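Participant: Mind folding the following:
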Amino acid sequence: MAARMSDQELYWDPYDVEIDTSPYETWRRLRDEAPVYRNDHFDFWALSRFADVEAAHRQPLLFSSSHGTVLELMTDEPKADAQMIFQDPPEHTRLRSLVSRAFTPRRVSALEARIRELCRDFLEPHRERGEPFDYVQQFAARLPAMVIASLLGVPIEDQEDIRHNIDRMFHLDPEKGMVNDVSVDAGAQLYSYMSGAINERRARPRDDMLTDLIEAEMADDDGTVRTLNAHEATIFALLLISAGTETVARLLGWAAVVLDAHPDQRAELAADPALIANAVEELLRYEAPSPVQGRWTTEPVELHGEVIPRGSKVLLLTGSAGRDERKYPDADRFDIHRHFDHHVTFGYGIHFCLGAALARLEGRIGIEETLARFPTWTVDHDRATRLHTSTVRGWVNVPIEV
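Facilitator: Numbering: from 1, shown residues only. From the prediction side, this is the model:
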């Protein structure tokens, strides 16, 4: 745990496990006392109010993604050969347009039957046995991994290995953060696998997203029309399969914990599944799976009487923005009937999550199929374990009794 100068002094960093376990009061103090917060130890600034986080998302050339979006991965120079999420316009615009042609509404909507089938396969044995099980490891983490793998065209027999390597990619070393031997090895194995799959699709195209990805054309700055090369396509595939797994796994884990803490609202959802879609939005607001995103200032930014210098690391606290009472009345109350126009859990503007529609679909169906089998459950908090990284917040294990 990072040392604090005193118990009274306001302190926040994304590595502090004690803060991350229950960050809500610290986030409130940041919003009230230091909406432009400075951490000298880790050399970053932080924005915690909804309006400021949203405004930063709407100014991608001022709050750049090109130096990285995870604090321990951010660098003084723009990242060369980077993923789309680490790029700014015009490169980001061109690449996002290309991948959007592969990530089509047709492909997403066609997955509903597959999602329900997977839910049934994962949940039904536990209903039949009526025994306690780990809701995250035996359901919530498996479902999105298998769905995105199906979308990309990964064979069923390889999907479980892919999921385990994705988990390993998010391994957090107490001293090295997310850059450690375990995560690097997992990333290398995933890269090798997806690179082989890309090469195989070039030789034998299929009706899957990998094939769409390598066949889609884009224009370079000089007007040359081309397709992605093997490395670019592999990087895209890695981004899609890792991001498409992690967010939904954490969303469903939070659903198990939060709904158990609000049994009356859980009963309403079980009785009326039509309420679940709005409940998913409230869950995303209330417990953001990715509560921190990094940016880099390309010019000085003056805000709330503070000047953030050019070339500064700025962390956008999405999790705090979702709890901002300036935007959401009684923001610390979970309410499946809450009416609100939007949240920033999936980002905002040009970096809005490309897979948001799929994540919402998986979240809605996952909760619906869970409640159809288990209208009540009890979380075993003594055995539940959390996931702590600088950018992802949720649960690794959520044992439940049904």
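
Participant: Quick one: end-to-end distance for stretch 74-86.
Facilitator: 10 Å (CA to CA, to the nearest Å).

Participant: quick one: contacts of that stretch?
Facilitator: 64-69, 92, 95-96, 99, 231, 235-236, 238-239, 243, 294, 296, 311, 313, 351 (CB atoms under 8 Å, 6 or more residues apart in numbering). In short, each C-beta sits where N, CA and C put it, glycine included.

Participant: go with 6 Å
Facilitator: Applying CB atoms under 6 Å, 6 or more residues apart in numbering, the external contacts of stretch 74-86 come out as Ser65, Ser66, His67, Gly68, Leu95, Ile235, Leu239, Gly294, Lys313.

Participant: in the sheet, who's paired with Trp45?
Facilitator: Arg38, Val314 (DSSP bridges).

Participant: And it, how close does it get to Gly294?
Facilitator: 10 Å (CB to CB, to the nearest Å).

Participant: More neighbours: which of the two?
Facilitator: Gly294 (24 against 20; other CB atoms under 10 Å).

Participant: Could I get the pLDDT score of that one?
Facilitator: The per-residue pLDDT reported for Gly294 equals 96.

Participant: what's it in contact with, if anything?
Facilitator: Thr69, Val70, Leu71, Met74, Leu315.

Participant: what does Gln137 give?
Facilitator: Per CB under 6 Å, 6+ apart, neighbours of Gln137: Asn397.

Participant: can you tell me which helix in this protein is longest?
Facilitator: helix 230-261 (DSSP state H).

Participant: Now that one: buried residues?
Facilitator: For helix 230-261, burial by neighbour count (16 or more other CB atoms under 10 Å) applies to 232-260.

Participant: Equivalent analysis for stretch 328-336, please.
Facilitator: For stretch 328-336, by 16+ other CB under 10 Å, it's Tyr328, Ala331, Phe334, Asp335, Ile336.

Participant: contacts for that stretch?
Facilitator: Val258, His262, Gln265, Leu275, Ala279, Glu282, Tyr286, Arg323, Glu325.

Participant: How many residues are close by the third one?
Facilitator: Residues near Gln265, counting by other CB under 10 Å, number 18.

Participant: I'd guessed Gly153 sits against Thr211; true?
Facilitator: No. If you go by CB atoms under 6 Å, Gly153 and Thr211 don't touch, sitting 7.1 Å apart.

Participant: Give me the distance between the nearest residue to Thr378 once chain neighbours are set aside and Glu299.
Facilitator: Of all residues not flanking Thr378 in the chain, Glu401 sits nearest, at 4.7 Å (CB to CB, 6 or more residues apart in numbering). Going from Glu401 to Glu299 by CB to CB gives 54 Å.

Participant: List the buried residues in the worst-scoring helix or strand of the chain on mean pLDDT.
Facilitator: Using mean pLDDT, DSSP states H and E, the weakest-scoring helix or strand in the chain turns out to be helix 91-102, at a mean of 74. Neighbour counts over helix 91-102 (16+ other CB under 10 Å) mark His92, Leu95, Arg96, Leu98, Val99, Ala102 as buried.

Participant: swap in stretch 376-390?
Facilitator: Going by 16+ other CB under 10 Å, stretch 376-390 has these buried residues: Trp377, Val379, Ala384, Leu387, His388, Thr389, Ser390.

Participant: Is the closest residue to Ala237 other than its chain neighbours in a helix, a strand, or coil?
Facilitator: Counting by CB to CB, 6+ apart, Ala237 lies nearest to Met194, which is 4.4 Å off, once chain neighbours are set aside. With DSSP: H, G, I helix; E, B strand; the rest coil as the basis, Met194 sits in helix.

Participant: Number of residues surrounding Met194?
Facilitator: 22.

Participant: ditto for Leu283
Facilitator: 23.

Participant: Same question for Glu217.
Facilitator: Glu217: 10 neighbours (other CB under 10 Å).

Participant: Show me what it is bridged to.
Facilitator: Beta-bridge partners of Glu217, as defined by DSSP bridges: Thr227.

Participant: Excluding covalently adjacent residues, which one is nearest to Asp380?
Facilitator: Pro399 (4.1 Å).

Participant: now swap in Leu315 and tell me
Facilitator: Ala46 (4.5 Å).

Participant: Tell me which stretches of the stretch 51-200 of the chain form helices.
Facilitator: 91-102, 105-109, 112-129, 142-152, 156-169, 181-203 (DSSP state H, counting those that start in this stretch).

Participant: wait, doesn't Leu210 sit right on Gly153?
Facilitator: Yes. At 5.0 Å, Leu210 counts as touching Gly153 under the criterion of CB under 6 Å.

Participant: More neighbours: which of those two?
Facilitator: A count of neighbours by other CB under 10 Å puts Leu210 above the other of Leu210 and Gly153, at 25 against 18.

Participant: On the pLDDT front, check the residue nearest to His57 when sequence neighbours are not counted for me.
Facilitator: With sequence-adjacent residues excluded and distances taken as CB to CB, 6+ apart, His57 is closest to Tyr348, at 3.7 Å. pLDDT, Tyr348: 89.

Participant: Correct me if wrong: Tyr348 contacts Glu54.
Facilitator: Yes. Contact status for Tyr348 versus Glu54: in contact at 5.4 Å, counting by CB under 6 Å.

Participant: would you list the contacts of stretch 74-86 in a markdown table and tack on distance to Asp341?
Facilitator: Compiled in a markdown table, the contacts of stretch 74-86 are given as follows (distance: CB to CB, whole Å):
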| residue | distance to Asp341 |
| --- | --- |
| Ser65 | 25 |
| Ser66 | 30 |
| His67 | 31 |
| Gly68 | 30 |
| Leu95 | 29 |
| Ile235 | 34 |
| Leu239 | 28 |
| Gly294 | 26 |
| Lys313 | 30 |
